[in-house]
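Enquirer: I would like to see how this sequence folds:
(one chain, ligands or ions: 4)
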Amino acid sequence: MLKRSLAAVLASSVLAAAQAPSTTYRTIPSLTPQIDAAPSLVPAIYDPTAPNAQAICPGYKASNVVNTTQGFTADLTIAGPACSAYGNDIADLTLAVEYQAKQRLSVKIYPRHLAPHNTSLYILPAFLTPEPSGDGSTTAATSDLSFTWSNEPSFQFKVSRVSNGEEIFSTYGYKIVFEDQFLELVTNMVKDYNVYGLAENIHDFRLGNNFTQTFYAADSGNPIDGNLYGTHPFYVETRYKDGASSLSHGVYARNAHGQEWLLRNRTITYRTIGGSFDLYFLSGPKPTDVIAQYQNGIVGLPALQMYWTFGFHQCRWGYENWTVLQEVVDGYANAGIQLEVIWNDIDYMNQYRDFTNGELNYPVGPGQEFLARLHAAGQHYVPIIDSNIYAENPSNASDAYEPFQRGAAMGAFIRNPGTGDFYYGDNWPGFSVWTDFLVPQGQEFWTYECSDWHSRIPYDGIWIDLSEASSFCVGSCGDGRLDQNPVHPPFKLPGEYLNVDYEFPEAFNITNATEASSLSAASASQSSANAAISTPAIVTTTQARTLPTPGVRNLDFPPYALNNLFDGHALVKNSIAPNATHNDALNTTEYEMHNLYGHQISNATYHALLQVFPGRRPFTVGRSTFAGSGNFTSHWGGDNNSKWGSMYLAIAQMFTFAMAGIPMFGVDTCGFSHNTDMELCARWMEMDAFMPFYRNHNVFASVAQEAYRWGSVAEATRRVMNIRYSLLTYMYTLFYYAHNEGETVMRALQWEFPDDASLAAVDNQFMLGPSLLITPVLQPLVTTVKGVFPGVAEGTIWYDYYTLQPLDVAAGENKTLDAPLEHINVHIRGGSILPMQVPGNTTETTKNNPYELTIALDKDGAATGSLYLDDGVSIAPNATKLIHLSYASDTLTTSLSGSYHSAAPLANITIAGVPSLPSGIDLSIAGQPCEAAAVTLVHGAGVLYLSGLEEFTPGGAWEGEMVLRFSF
Ligand SMILES: *[C@@H]1O[C@H](CO)[C@@H](O)[C@H](O)[C@H]1NC(C)=O
Ligand SMILES: *[C@@H]1O[C@H](CO)[C@@H](O)[C@H](O)[C@H]1NC(C)=O
Ligand SMILES: *[C@@H]1O[C@H](CO)[C@@H](O)[C@H](O)[C@H]1NC(C)=O
Ligand SMILES: *[C@@H]1O[C@H](CO)[C@@H](O)[C@H](O)[C@H]1NC(C)=O
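Expert: Ligands and ions are numbered 1, 2, ... in the order given. Presented below is the predicted three-dimensional model:
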C-alpha cells in the first residue's frame with residue numbers, strides 16, 4: 001500500500017531539480033574536458049598478448065638454509081635469465097619461515113640486498129599495519145602447520161596441516177616471480193573450493209572459482225565484482241570431510257600494493273605490483289577460529305564502540321539546512337520511532353570545504369542551538385568530512401581558506417613530484433590537496449582542524465568519505481590554475497545528475513503502478529533539462545602495455561595493468577595519481593600508499609577525536625579501509641543502490657567485514673543511489689535492524705526515505721526498532737567479545753554450524769551472535785520467505801522470536817515462513833539466554849530501563865548467555881561487569897565479576913520450552929533467600945512468564961548472584 005502521495009513525490013523531485021546542481025555558487029568552467037583524460041589500457045587479465053610469467057620466468061633456487069629460533073632462512077637465487085614479465089627481476093631474495101604460534105606460520109620472501117623500505121621496492125612497514133613476530137617458543141615440532149619445499153624444477157613450497165597431512169597451500173608446479181613491479185605466486189587448490197573473504201567485494205559470500213578480486217581503492221559505488229573501497233587480502237578456506245565435519249584455515253598476504261587474486265579452477269594466482277611476499281597461514285580449524293586468529297594474532301582486535309552508536313542513525317545527502325534536520329528529528333519523534341543520531345552529508349559545508357559551515361543554510365549559531373537541543377534529548381550528531389582540503393585561490397583574498405593556509409604552512413600536504421609544490425587534484429570544492437599522514441605534521445594539522453571545528457560545532461563522531469583518495473581529474477590538474485578556484489570541472493560531478501536518472505526498485509511499477517506511470521511522463525520532460533548540462537566529450541587515446549625499464553619503476557603506468565574498473569582502467573583515473581609523493585624521508589609515493597590512504601585518514605581521525613574527547617572511544621566511520629583498520633574505525637558499505645539485489649549483497653559484504661575485523665559495519669539502509677520505494681525500504685529497515693551499524697542514507701535528489709515517510713515503513717520500523725533497542729545489551733555484549741577475543745558479531749550460518757556442508761554458500765540469512773537467526777525478505781511482491789534452520793538433525797530447536805513457539809522444521813528443510821510486509825522472521829536458537837531491556841526512546845533511556853531475560857531452552861532443558869556492562873563511552877572504564885547466565889536442571893544461576901553498577905532492576909523472565917507450570921519457586925540473591933510469593937508465574941503453550949521480580953533487585957539486577965529454582 002502506497003501511503004505517500006504522488007504529489008509529494010513529484011513535489012520533492014521538482015524541488016530537487018530546481019536546486020540541482022547544488023554548485024550554483026561557481027561559474028561553470030573554462031577547463032578543458034581533457035583534465036579527466038587518461039590513456040585507455042587493456043587489463044592484463046583480459047590481454048591475450050600479456051606475458052604469462054609462469055611460462056617465461058625462471059623461478060628461483062633455494063640454498064644456504066640457516067636454522068633460526070622458530071624456523072629457518074634461506075637464500076633464493078634466480079634460476080635463469082631475467083624474464084622482465086612486468087618489471088625488473090630481483091635476482092637475490094631471502095626466504096624466512098617462522099612457526100610464529102601453534103596456529104600461525106609466516107612465510108616471507110623479500111629482496112636480500114635492498115634495505116627494507118627502499119623506495120625502489122617498498123616493503124610495508126609495521127607502523128602502518130601490524131607485522132606479527134613469533135611467540136618465542138613454537139617450532140616446527142609443535143606447530144599445527146608444516147612447511148616443506150623443493151628446488152625441483154625450481155623453488156616451490158607447501159604448507160600442510162600436521163594432524164592429517166593435508167596441503168592447505170602449495171605452489172608445487174608453479175614458479176615464484178619476484179620483480180620490482182610484479183610479484184606472482186600460484187597455489188594449487190582442491191576442486192570446487194570454499195573460499196571466503198578478500199574484502200572488499202560485492203559478490204556472493206562463497207567466492208567461487210571464477211572470480212578476480214582486484215584491490216585498488218576506488219570511489220566506484222558498489223560494483224559487482226569490481227574494485228571498490230577496501231583492501232583486506234585475507235581469506236578463509238573451508239574443506240568439508242565426509243559430510244559430517246570440516247576443517248578451515250586462513251591465508252593473509254600482508255601487502256598494500258595494487259594487487260589481484262585470480263580465483264580459478266584448481267588454482268588461486270596472487271599478483272601484486274610491488275612489495276614483498278609476507279604470508280601468514282592460520283590453522284583454525286573452525287572458520288571462527290581462523291577469524292579470531294587473524295584478529296588476535298595479526299591485524300589487531302576491533303575498537304570497542306560507544307553504546308549509543310548502536311542506536312539508529314539517519315542521514316541523507318540533501319538536508320538543506322538546520323531547520324530541515326530539526327524536521328527530520330521531529331518526524332521520527334512524531335512517528336514514535338527511535339532516532340539516536342542525525343547526520344549531515346556535504347550539504348552543511350561552505351562550498352564543500354571541510355571544517356566550515358555554510359553561512360546561509362548551516363550557520364554556526366543556530367547550529368549550536370540545534371545541537372544543544374539534540375544533545376539535551378540524548379541524541380547525537382555525526383557530520384561528513386571529505387578527504388580532500390580545498391586549495392584557496394591565491395589571487396582572490398576573499399577566497400581565503402584557513403585550514404589550507406595552516407596545512408600549507410606546515411607542509412602537511414602530499415606533493416607533485418614534477419613541481420615540488422603540492423599535488424592539486426580536484427574534488428567537490430574545486431582544486432584540492434590531500435593531507436600527508438606519513439609525516440607528523442599531517443596528524444597535527446588534522447587534529448587541530450578537528451578540534452577547532454568541534455569548538456564551534458560540537459559533533460559526536462566523524463564520517464570520513466572519499467578516502468580512496470578520490471580525485472575528479474587526472475594528475476595534479478590544478479597546477480598553474482588555482483586562480484580559477486573554486487573551479488567546477490567541465491563535467492557533471494557524481495550526484496549532479498537530475499533525478500531523471502534515478503530509477504526505482506524492481507517491481508516498483510507493479511506495487512506503485514499509478515505513481516510509476518506519472519513519473520515516467522515527468523522524467524521525459526526532465527531529460528531535456530539534463531541534456532542541457534550534459535558532459536562534454538573527453539578524448540582519450542589507447543596505450544599499449546608499458547615495458548619494464550631497467551632500474552626504474554613506472555609508477556603511473558605499471559607494466560602489469562590491473563583491472564581497475566574505471567573507464568580505460570588507468571590507475572591515474574578518479575584517484576590521486578600513483579606518483580603523488582609524500583614528505584617522509586623516503587619520499588614514499590601513492591603507488592605504495594594508495595590502498596592505505598583511507599586507513600591512515602581514519603587512524604588520524606581516531607587520534608584527533610582522542611584529543612577532542614579525552615578518554616572517550618572515538619566514533620569514526622570510514623570508506624576506504626585496509627587490514628587492521630578495525631582497530632580504530634568502523635565502516636559503511638559505501639554507495640549502494642536502492643535495489644533488491646543490493647540489499648541481498650549487503651549480507652555477504654557484512655560477513656567479509658566481520659572476517660576482516662571490522663564488525664561495526666552496516667550499509668545504507670533503503671539504498672543510497674536511485675530512488676527507493678515503500679516495499680524495499682520496509683524490508684530493508686527490518687533487515688538492518690540486526691546489523692551493528694544501522695543507518696538510513698540516500699543520495700541527493702532521490703525521493704525522501706526516512707522511515708516515517710510511508711505508513712507501512714513506519715510501522716515495520718517501530719516493531720523492529722523496539723526489538724533492536726530491547727537487544728542493545730545483547731549486541732553490546734557481542735561487541736565486548738569481538739573487542740576482547742576476536743569473536744564475530746554478525747555471523748554466517750556456516751560459522752556457527754561449520755560441519756554442515758549445505759550451509760557453505762548461505763548468504764540470504766545471517767545470525768546476530770550465537771543466538772538469533774535472521775531470515776530477511778530479499779525480493780519484492782512476496783509474503784513468504786524461505787530459510788534453512790541448521791542443527792535440527794542434532795536436536796537444535798529454533799523458537800519464533802515473537803511467539804516463542806518451536807519452529808516445526810525438518811532437518812535440511814528449506815522452510816517456508818510467513819513474512820507479511822511489516823514482519824521480519826527472527827528465530828532464537830534453543831540453548832540461548834538473551835539479556836534484554838525494556839526499549840526506551842534513546843539508547844541511554846534503554847540502558848536505565850528494567851532488564852528482562854528471554855531463555856530459550858535446548859533439548860536438554862538448558863541454556864546459557866552473558867551480559868557485559870560498563871559506562872558505554874570510556875576507553876578504559878573505571879568499572880565493568882561481566883555476568884554469566886546459565887539455566888540447567890530447572891535452575892537459573894548468575895555469576896558476576898567486576899564492580900560496574902547498573903541501577904536497573906530485573907523485571908521479567910520468559911522461558912520457552914517449559915512443559916508445565918512449576919509447583920514452586922525458590923529464589924535467592926547473594927545467598928539470601930527471598931520471599932518469592934510476590935512473583936507472578938503464568939504458563940501457556942510451553943512458555944513460562946515470570947514478572948514482578950523488580951522488588952528483589954531494587955538496587956540493580958546484577959548486584960548479587962542469583963539462584964532461581966523451579967520445582968515441578
Ligand atoms: C635445522 O632444523 C631442522 C628441522 O628442525 C633439523 O632437521 C636440522 O638438523 C637443523 N639443522 C641444523 C644445521 O641445525
Ligand atoms: C566466468 O565469469 C564470466 C564473467 O565474469 C562469465 O562470462 C563466464 O561464463 C564464467 N565462466 C564460467 C565457467 O562460469
Ligand atoms: C579443472 O582443473 C582440473 C585439474 O587441472 C581439470 O582436470 C579439469 O578439467 C578442470 N575443469 C574445468 C571445468 O575446467
Ligand atoms: C530550509 O530548507 C527548506 C527546503 O529547501 C526551505 O523550505 C526552508 O525555507 C529553509 N529554511 C531556512 C531557515 O533556510
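Enquirer: What is the neighbour count of residue 748?
Expert: A count of nearby residues for residue 748, using other C-beta atoms under 10 Å, gives 29. Any C-beta I mention is one placed from the backbone N, CA and C, and that applies to glycine too.
Enquirer: quick one: contacts for it?
Expert: 196, 205, 287, 655, 658, 759, 762-763, 766-767 (C-beta atoms under 8 Å, 6 or more residues apart in numbering).
Enquirer: Turn the residues you listed into CSV, including pLDDT.
Expert: Converted to CSV, those look like this (pLDDT from 0 to 100):
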residue, pLDDT
196, 98
205, 98
287, 98
655, 98
658, 98
759, 97
762, 98
763, 98
766, 98
767, 98
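Enquirer: Ranking by neighbours, what's the top pick from those?
Expert: In terms of neighbours by other C-beta under 10 Å, the contacts of residue 748 top out with residue 196 at 29 neighbours.
Enquirer: Let me see the contact set for that residue.
Expert: Residue 196 is in contact with 205-207, 235-238, 287, 655-656, 659, 748, 750, counting by C-beta under 8 Å, 6+ apart.
Enquirer: Now intersect those with the strands, please.
Expert: Per DSSP state E, strands hold the following members of these: 235-238.
Enquirer: what about the most centrally placed residue in the chain, which SS state?
Expert: The centroid of the chain falls nearest to residue 635 when counting by C-alpha atoms, centre = their mean (3.9 Å). Here residue 635 is strand, with the state taken from DSSP: H, G, I helix; E, B strand; the rest coil.
Enquirer: Need the pLDDT of it.
Expert: Predicted confidence (pLDDT) for residue 635: 98.
Enquirer: Now the phi/psi pair for residue 212, please.
Expert: Comment: the main-chain dihedrals of residue 212 come out as phi -120, psi 120, following degrees, to the nearest 10.
Enquirer: any idea how far ligand 4 is from it?
Expert: Noted for residue 212: a distance of 45 Å to ligand 4, by C-beta to the nearest ligand atom, to the nearest Å.
Enquirer: Without its sequence neighbours, what residue ends up closest to that residue?
Expert: Once flanking residues are discounted, residue 212 sits nearest to residue 262: 5.2 Å by C-beta to C-beta, 6 or more residues apart in numbering.
Enquirer: returning to what we had before: list just the nearest of the ones in strands among the contacts of residue 196 to residue 568.
Expert: Of all these, residue 235 has the smallest distance to residue 568: 29.4 Å, by C-beta to C-beta.
Enquirer: what's the burial count for that closest one?
Expert: Residue 235: 25 neighbours (other C-beta under 10 Å).
Enquirer: in terms of contact, does it touch residue 195 like I think?
Expert: Yes. Counting by C-beta atoms under 8 Å, residue 195 is a contact partner of residue 235 at 5.1 Å.
Enquirer: so what sits against both of these two?
Expert: Overlap of the contact sets of residue 235 and residue 195 (by C-beta under 8 Å, 6+ apart) consists of residue 207.
Enquirer: The residue nearest to the centre of the chain: what's it in contact with?
Expert: Applying C-beta under 8 Å, 6+ apart, we find residue 635 in contact with 230, 621-623, 625, 629, 657, 662, 664-665.
Enquirer: got it, and residue 621?
Expert: Contacts for residue 621 were tallied using C-beta under 8 Å, 6+ apart; they are 382, 461-464, 633-636, 664, 693.
Enquirer: where does residue 535 land on pLDDT?
Expert: We have a pLDDT of 61 for residue 535.
Enquirer: From residue 750, how far off is the nearest residue to residue 814 once chain neighbours are set aside?
Expert: Leaving aside its chain neighbours, residue 814 sits nearest to residue 786 (5.0 Å; criterion: C-beta to C-beta, 6+ apart). Counting by C-beta to C-beta, to the nearest Å, the gap from residue 786 to residue 750 is 18 Å.
Enquirer: follow-up on the earlier one: among the contacts of residue 748, which one lies nearest to ligand 4?
Expert: residue 766 (38.1 Å; C-beta to the nearest ligand atom).
Enquirer: For the helix or strand where the residue nearest to residue 814 lies, which strands pair with it and how are they oriented?
Expert: If you go by DSSP states H and E, residue 786 is part of strand 784-788. If you go by DSSP bridges, strand 784-788 pairs up with strand 814-818 (antiparallel).
Enquirer: tell me what whatever helix or strand comes next after the strand it pairs with is packed against?
Expert: Next helix or strand after strand 814-818 toward the C-terminus (DSSP H and E): strand 825-829. Packing partners of strand 825-829 (3 or more C-beta pairs under 8 Å, 6 or more residues apart in numbering; DSSP states H and E): strand 772-775, strand 798-800, strand 851-856.
Enquirer: Report the buried residues of the shortest one.
Expert: Burial within strand 798-800, assessed by neighbour count using 16 or more other C-beta atoms under 10 Å, is assigned to 798-799.
Enquirer: so what secondary structure elements neighbour that strand?
Expert: Using 3+ C-beta pairs under 8 Å, 6+ apart: strand 798-800 touches strand 825-829.
Enquirer: And the strand it packs on, how far out from the chain middle?
Expert: In this view, strand 825-829 has its centroid 25 Å away from the chain centroid, taken as C-alpha atoms, centre = their mean, to the nearest Å.
Enquirer: same thing with stretch 403-411?
Expert: Relative to the centre of its chain, stretch 403-411 is centred 32 Å away, using C-alpha atoms, centre = their mean.
Enquirer: Having no further points to raise, I will conclude here.
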